[in-house]
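Asks: here are the coordinates; sequence isn't available:
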């Protein structure tokens, strides 16, 4: 199965480690530190186009992890993952 993250970005669902609400999680210092470190390592892909609502942490064959900043809210991504639809 695949998961459509928005902006024509589709990933294998088996690679998803976690889907997180950017607004709720960004208050925590650990989350901010994690995202800053990922940005410094160059493993953050901003596919939001404008304002990201969630971030998706994924396993990646060439990096330990990769982080996608998605324009979709976590609820929408969860529904897409559960339904198996790419829309």
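Replies: Sure, I can see it. Quick caveat: nothing in here was measured; it's all calculated off a predicted structure.
Asks: any idea how far residue 11 is from residue 63?
Replies: In this structure, residue 63 and residue 11 are separated by 13 Å, where distance is defined by Cβ to Cβ, to the nearest Å. Yep, even glycine has a C-beta here, placed from its N, CA and C like the rest.
Asks: Please apply the same query to residue 24.
Replies: 22 Å.
Asks: neighbour count winner among these two?
Replies: Taking neighbours as other Cβ atoms under 10 Å, residue 24 and residue 11 compare with residue 11 leading, 17 against 11.
Asks: Does residue 17 touch residue 64 like I think?
Replies: No - taking contact to mean Cβ atoms under 8 Å, the distance of 10.5 Å between residue 17 and residue 64 leaves them out of contact.
Asks: quick one: which of the two has more around it?
Replies: Here residue 17 and residue 64 are compared on neighbour count by other Cβ under 10 Å; more neighbours surround residue 17, at 12 against 9.
Asks: List the neighbouring strands of whichever helix or strand the more buried one is part of plus their orientation.
Replies: Counting by DSSP states H and E, the element that carries residue 17 is strand 16-21. Counting by DSSP bridges, the strands paired with strand 16-21 are strand 54-59 (antiparallel).
Asks: Now do the buried residues in the strand it pairs with.
Replies: Residues of strand 54-59 classed as buried by neighbour count (16 or more other Cβ atoms under 10 Å): 54, 55, 56, 57, 58.
Asks: with these in mind, which one is nearest to residue 37?
Replies: Ranked by distance to residue 37 (Cβ to Cβ), the buried residues of strand 54-59 are led by residue 57 at 12.3 Å.
Asks: What ranges does the chain have for its helices?
Replies: For the chain, helices defined by DSSP state H occupy the ranges 22-25, 29-41, 74-83.
Asks: Excluding chain neighbours, what is closest to residue 25?
Replies: Setting aside the residues directly before and after it, residue 25 is nearest to residue 31 in space (Cβ to Cβ, 6 or more residues apart in numbering), at 4.5 Å.
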